[in-house]
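> Please find the sequence and the predicted model below.
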Amino acid sequence: MTFIQTPGPPGVFYRRLSSMLRRYLFEIVLAVLIVCGLIAAAFYL
């Protein structure tokens, strides 16, 4: 796959999405861990 930098809306959208993911990466991982923990606790209980 080749990533070509184009000055179009898709590039801007990808940049915004990438920065947003980096900003909320810790919160997303924490939420996933909490959900997985709750599911595991429900299965073990």
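Okay, I see it.
> alpha carbons only for contacts and neighbour counts from here, please
Will do.
> distance of the most centrally placed residue in the chain from R15?
Here the mean C-alpha position of the chain is nearest to the C-alpha of L21 (CA atoms, centre = their mean), at a distance of 4.9 Å. Here L21 is placed at a distance of 10 Å from R15 (CA to CA, to the nearest Å).
> before we move on, what about A42?
For A42, the distance to R15 - CA to CA - is 39 Å.
> quick one: which of these two has more around it?
Between A42 and R15, R15 has the larger neighbour count (other CA atoms under 10 Å), namely 12 against 9.
> tell me the SS of the more buried one?
In terms of secondary structure, R15 is helix; the call rests on DSSP: H, G, I helix; E, B strand; the rest coil.
> Quick check: pLDDT value at it.
Taken from the predicted model, the pLDDT recorded for R15 is 79.
> Tell me how far the longest helix belonging to the chain lies from the chain's centre.
In the chain, taking DSSP state H as the definition, the longest helix is helix 25-44. In terms of CA atoms, centre = their mean, to the nearest Å, the centre of helix 25-44 is set 15 Å apart from its chain centre.
> Then stretch 19-38?
Centre to centre, stretch against its chain (CA atoms, centre = their mean), the figure for stretch 19-38 is 7 Å.
> Just the mean pLDDT for that stretch, thanks.
Taken as a whole, stretch 19-38 has an average pLDDT of 89.
> Keeping just the C-alphas, turn it into CSV.
Included here for stretch 19-38 are C-alpha records, laid out as CSV according to Å, rounded to 0.1, in the frame of the first residue of the first chain:
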residue,chain,number,x,y,z
SER,A,19,-4.5,13.6,16.3
MET,A,20,-7.8,12.8,18.0
LEU,A,21,-6.9,9.2,18.4
ARG,A,22,-3.5,10.2,19.9
ARG,A,23,-5.2,12.6,22.2
TYR,A,24,-7.9,10.1,23.4
LEU,A,25,-5.7,6.9,23.1
PHE,A,26,-5.3,6.6,26.9
GLU,A,27,-9.0,7.2,27.6
ILE,A,28,-10.0,4.6,24.9
VAL,A,29,-7.6,2.0,26.2
LEU,A,30,-8.8,2.6,29.8
ALA,A,31,-12.4,2.3,28.8
VAL,A,32,-11.7,-0.9,26.9
LEU,A,33,-9.9,-2.4,29.9
ILE,A,34,-12.8,-1.4,32.2
VAL,A,35,-15.3,-3.0,29.9
CYS,A,36,-13.2,-6.2,29.5
GLY,A,37,-12.8,-6.3,33.3
LEU,A,38,-16.5,-6.0,33.9
